[in-house]
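Engineer: okay, predicted coordinates and the sequence, questions at the end:
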Amino acid sequence: MIVCVCNNISDREIRQAVDLGITSIAALRAELGLGTDCGKCISYAREVLHEAIDSKTVVTELSFRASQPA
């Protein structure tokens with residue numbers, strides 16, 4: 001779905017940006033140009049951004065390897 005019509009930015013692109021480490025609207029603005037024209041997309045973009053951050057899985061340890069003998 002297109003989030004920012006002015007710059008043709010989709011929710012998928014926002015999710016990909018989160019996967020690459022972007023965590024703020026300011027960073028999306030700088031990297032993708034989101035909200036730089038009319039700005040009407042910012043509220044929905046913020047929702048997509050927070051959903052993507054909340055659903056992101058962070059792996060800190062491979063637990064199956066820790067439990068196996070070396």
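Structural biologist: Thanks, I have the structure now. The shown structure was predicted, so the numbers you read here are calculated from the model rather than taken from an experiment.
Engineer: could you look up the SS state of Val3?
Structural biologist: strand (DSSP: H, G, I helix; E, B strand; the rest coil).
Engineer: the nearest residue in space to Thr23 that is not next to it in sequence and Glu47: what is the separation?
Structural biologist: Using Cβ to Cβ, 6 or more residues apart in numbering and skipping the chain neighbours, the partner closest in space to Thr23 is Ile53 (6.2 Å). Heads up, the C-betas are built off the backbone N, CA and C, glycines and all. Noted for Ile53: a distance of 11 Å to Glu47, by Cβ to Cβ, to the nearest Å.
Engineer: pick out the residue nearest the middle of the protein.
Structural biologist: Nearest to the mean C-alpha position of the chain, by Cα atoms, centre = their mean, lies Val18 at 2.7 Å.
Engineer: before we move on, back to that, touching, the residue nearest to Thr23 and Ala17? I think so.
Structural biologist: No: in this structure, Ile53 is not within contact of Ala17 by Cβ atoms under 8 Å, at 10.6 Å.
Engineer: which one's more surrounded, these two?
Structural biologist: Ala17 (20 against 13; other Cβ atoms under 10 Å).
Engineer: spatially nearest residue to Arg29 (excluding sequence neighbours)?
Structural biologist: The spatially closest residue to Arg29, leaving aside those adjacent along the chain, is Gly35, at 5.6 Å (Cβ to Cβ, 6+ apart).
Engineer: which strand or helix spans that neighbour?
Structural biologist: Following DSSP states H and E, there is no helix or strand that holds Gly35.
Engineer: mind listing what it touches?
Structural biologist: Gly35 is in contact with 4, 25, 28-29, 41-42, 45, counting by Cβ atoms under 8 Å, 6 or more residues apart in numbering.
Engineer: I'd like to know which of these is nearest to Ser10.
Structural biologist: Cys4 (8.4 Å; Cβ to Cβ).
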